[in-house]
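Participant: coords please:
(one chain, ligands or ions: 1)
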Amino acid sequence: NQGRVGFIGLGTMGREMARNLIEAGFTVRVFDVLPNAVAELVSLGAEPATGPADAARDADVAITMLPDTPQVEEVVLGPGGLLADPPRGRLVVDMSTISPVAVRRMADELKAAGIDMIDAPVSGGPVGAKNGTLSIMAGGDAEAFARATPFFEAMGATINHVGGPGSGQAVKLCNQLICGINIQAICEAIALGRAFGVDLDQMRGVLLGGSAASWMLDKLGPSMITGDASAGFRIDLMLKDLRLVQEQALALSVPLPATALVTSQYVEARAHGEGTNGNQALFRVYDRMANQ
Ligand code: NAD
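Facilitator: Alright, predicted model coming up:
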């Protein structure tokens, strides 16, 4: 046994990350508001917890992987939360994508109680989570980052300390705006290629061999070409991330015109009831515009 982890939030990403921690030999105590999610991890060797504080009780680190800022604030600061009954190692690592401003606020509150907080959002999607190859971008104190590193190594392949509290989220938001605009660019290329009548699979292969190659074209291109809108990183979550980007852009007076446009297109997608589709389903917005 290499150490104890309290893991809270066992959704698309968290369940795979918690499983990798178990497989790496850590003792993992899990909580999610969905009992089925807890039961699934218990069948893989985790201990069940009755709430966030119970999950973190004897843990060297409490890790959260939750949808958005309010859920992380509730789990960290709320009744029965981590601040009420701090983890033994007094280290909280949030790996969700949330507001960097909220991270700084929570890190200050935790610090006052003698608890270090690292913000460590991830990139790599459910496949990266499953394979333990996530890119982890961490903000916070260097000494706390060093303590979190053995746990990160069970979940990720690219692990970087990128600055003080909130810096991990800042880098992640830059990652997300590139992803959104890149998906938009691929939608436009597919719309034009389809109208020309070119073979889209072949086009994708050709483009992947040249300077237009990207992770999005590689991993999401096939479903965009076949019209598979299902699963993956939900449109709702992408909109959440783009909203966080816009909030920072306004707060810092940075014009981000391309982000503004693609955000509107994701709002349009959600208005058509597509919030639970994968974010590659932005192609549906293009299908509607071109009446394809
Ligand atoms: P998800 O919605 O699948 O999982 C979230 C889990 O948190 C759910 O199981 C939910 O029941 C649980 N939960 C919600 N509120 C809770 C609470 N108060 N207490 C305990 N559990 C609670 O989301 P996900 O796709 O796993 O993403 C998690 C985070 O990681 C998000 O911030 C997302 O933006 C980010 N992220 C997702 C991906 C991806 O491809 N899915 C990739 C990188 C980053």
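Participant: point out where the stretch 1-150 of the chain drops to low pLDDT.
Facilitator: Within the stretch 1-150 of the chain, the stretches with pLDDT under 70 are 1.
Participant: which residues of it lie near the ligand?
Facilitator: For the stretch 1-150 of the chain, the contact set with the ligand under Cβ under 6 Å from any ligand atom comprises 8-14, 31-34, 37, 65-67, 71, 74-75, 96-97, 122-123, 125-126. (C-beta placed from N, C-alpha, C; glycine too.)
Participant: which of these count as buried?
Facilitator: Buried members of these, counted by 16 or more other Cβ atoms under 10 Å: 8-14, 31-32, 37, 65-67, 71, 75, 96-97, 122-123, 125.
Participant: of these, which belong to helices?
Facilitator: By the criterion of DSSP state H, membership of these in helices covers 14, 37, 71, 75, 125.
Participant: most widely separated two among the residues you listed?
Facilitator: Within these, two members stand farthest from each other by Cβ to Cβ: Val75 and Gly125, at 22.9 Å.
Participant: got the contact list for the residue of the chain found nearest the ligand?
Facilitator: Scanning the chain for proximity to the ligand using Cβ to the nearest ligand atom identifies Gly11 as nearest, at 1.7 Å. By Cβ atoms under 8 Å, 6 or more residues apart in numbering, Gly11 lies in contact with 32, 37, 65, 67.
Participant: thought the second one was touching Thr12?
Facilitator: No - between Ala37 and Thr12 no contact is recorded; they are 10.3 Å apart, counting by Cβ atoms under 8 Å.
Participant: find out how far the helix or strand where Gly128 lies is from the centre of the chain, if you would.
Facilitator: Assigned by DSSP states H and E, Gly128 belongs to helix 125-131. Distance, stretch centre to chain centre, for helix 125-131: 11 Å (Cα atoms, centre = their mean, to the nearest Å).
Participant: now it: buried residues?
Facilitator: Neighbour counts over helix 125-131 (16+ other Cβ under 10 Å) mark 125, 128-130 as buried.
Participant: and what of stretch 65-84?
Facilitator: Buried-residue list, stretch 65-84, by 16+ other Cβ under 10 Å: 65-69, 71-73, 75-76, 78, 81-83.
Participant: just the ones of the residues you listed in strands?
Facilitator: The strands, defined by DSSP state E, take in nothing from those.
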